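Engineer: Sequence and predicted model, in that order:
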Amino acid sequence: MASESDKSKEIDLPLTQQSTIPKKFNFLKDKVALVKLNDYEPENIKKALEKIVELLGLKDFFKDKSILLKPNLLAPTKNAFTPAEYVSEVGKLLKNELGAKRITIGDSTLTKKFTGMTIKRTNMAEICQEDVFNFFESEREIINVKNPEFEAQENIALPKQVVEADIIVNLPKLKTHKGFVYTGAIKNFFGLLGNKMHMHMTHKEKAKFQQMLADIYFAVEETNKTDKPKVLTIMDCVLTMSGNGPRAGKIREMGLLVAGFNSAAVDIVGYTLMNGKPKDLEAIKSIARRTNLPVDISQLDLVGENYKDYIIKDFKKPNVATLNDSPGGSGLYSKVRTKAMSISIKINNKKCILCESCAKHCPAQAMTKKGKVIVIDRNKCIECFCCGESCPNDAISTKWWIFRNAWWIFTLLGVVVIGAIMGIWALISALLGS
Ligand code: SF4
Ligand code: SF4
């Protein structure tokens, strides 16, 4: 498949900068700060950020450093992106009070055009008054980072801006995701790559895709020029998204910022706050396998607010537990359900305005407009939910699909019926013989 990064200049990271993952991650503490923030008023954001600086000891961390802020600019839909006011306050604090040398902002969404539109409509550059990179820009340079310990692929291609920055401040938003259950700190690294459609096709299995997300995180840390962490995550959990995320879900107020150097530890907290079990998420498990991170919130070094006060017990998570090899539940019920049923993409024709945005952003080219409806080729669909991310009218969701794995059900039924016939036959034989 042709990609938008084909024209990019590629170079390999010099081997001297590379080291083994466990060694690089020894400095990553599992400390996570939870700080109350009820709204996006600049004064309140500033106070909350100052509290994080105090709790994590960041006073001198940013001094004379060039910082890349990485918000989630998924789409210009309310509550689907990290608010510009929040990103702006982070930038101001780093530059005006903590001595950062340079602030830039960067992200990429589904395609170059879609990213440009999102950057424009979120007013990110105007509100923040900083340079905003679209990582799809065709003249960008790509740095290949290789490490034998990457799980999903041999090398990760990072934009030059990511490699050159001294520190990446990861600014995700806590949301559900119809393709991957959850999106937070680790999933936000996917926006650092330009060539996303290709990556979806390369890693069709959900587990492999999540391992690739973990590889991106490790790759970013591999480009570190110092012995301190390169990534600091400050996750926006003020207004979160439940249900049909990451674009069309319902707003749930949580009133919190969650921050830490270990992005997987931040996600352990984030998914727990959604009342989920972090051990069900493959990206977290992939990082834990390669570091000493405990996938257990009770073993993390938490500071600030008590996380138990912020768990939303009825947080509605999407029904994606049985997508292809997805991070499903770990219980017996989930395992049986995974075998028996699947999830399928569903289009609400009443809501669909036939804009064809979904078809343009479908990596598998599984969608076509036929007459007055969009038709999905189920054999081509890889259930990535890029179509749902690109739909401007909340017309795409998922549904249970029992017939995909019908062979499993019919085989079971067949065994039961044959067993019953044999039992009855044996019983009749025994009665006639006695
Ligand atoms: S139809 Fe939707 S879920 Fe299926 S491959 Fe295309 S974009 Fe992905
Ligand atoms: S993106 Fe949404 S509204 Fe547009 S054609 Fe697809 S389903 Fe319809």
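Structural biologist: Right, received. Where do you want to start? Residues are numbered from 1 along each chain as shown. Ligands and ions are numbered 1, 2, ... in the order given.

Engineer: which SS class is the residue in the stretch 1-150 of the chain that ligand 1 sits nearest to?
Structural biologist: Taking C-beta to the nearest ligand atom, ligand 1 has its nearest neighbour within the stretch 1-150 of the chain at Leu110, 9.3 Å off. From N, CA and C alone the C-beta is placed, and that goes for glycine too. Per DSSP: H, G, I helix; E, B strand; the rest coil, the local secondary structure of Leu110 is coil.

Engineer: nearest residue to it other than its sequence neighbours?
Structural biologist: Among residues not flanking Leu110 along the chain, His361 sits closest, at 4.6 Å (C-beta to C-beta, 6 or more residues apart in numbering).

Engineer: Spell out which residues sit in contact with that neighbour, please.
Structural biologist: Contact analysis of His361 by C-beta atoms under 8 Å, 6 or more residues apart in numbering lists 110-111, 114, 197, 386-387, 389-390.

Engineer: residue boundaries of the helices in this structure?
Structural biologist: Secondary structure of the chain (DSSP state H): helices at 21-24, 42-56, 84-92, 112-121, 124-128, 160-164, 196-202, 206-222, 263-273, 282-290, 332-340, 357-360, 386-390, 406-433.

Engineer: Dump those to JSON lines, plus mean pLDDT.
Structural biologist: Output for those, formatted as JSON lines (pLDDT from 0 to 100):
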{"stretch": "helix 21-24", "mean pLDDT": "55"}
{"stretch": "helix 42-56", "mean pLDDT": "97"}
{"stretch": "helix 84-92", "mean pLDDT": "97"}
{"stretch": "helix 112-121", "mean pLDDT": "93"}
{"stretch": "helix 124-128", "mean pLDDT": "94"}
{"stretch": "helix 160-164", "mean pLDDT": "92"}
{"stretch": "helix 196-202", "mean pLDDT": "90"}
{"stretch": "helix 206-222", "mean pLDDT": "92"}
{"stretch": "helix 263-273", "mean pLDDT": "96"}
{"stretch": "helix 282-290", "mean pLDDT": "90"}
{"stretch": "helix 332-340", "mean pLDDT": "58"}
{"stretch": "helix 357-360", "mean pLDDT": "96"}
{"stretch": "helix 386-390", "mean pLDDT": "93"}
{"stretch": "helix 406-433", "mean pLDDT": "84"}
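
Engineer: Serialize these to a markdown table and add fields for distance to His177 and mean neighbour count.
Structural biologist: Shown next, in a markdown table, are the helices of the chain (distance: least, C-beta to C-beta, whole Å; neighbours: other C-beta atoms under 10 Å):
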| stretch | distance to His177 | mean neighbour count |
| --- | --- | --- |
| helix 21-24 | 25 | 16 |
| helix 42-56 | 25 | 18 |
| helix 84-92 | 20 | 22 |
| helix 112-121 | 17 | 18 |
| helix 124-128 | 22 | 17 |
| helix 160-164 | 22 | 19 |
| helix 196-202 | 13 | 19 |
| helix 206-222 | 11 | 24 |
| helix 263-273 | 11 | 28 |
| helix 282-290 | 11 | 23 |
| helix 332-340 | 18 | 13 |
| helix 357-360 | 16 | 20 |
| helix 386-390 | 9 | 25 |
| helix 406-433 | 26 | 10 |
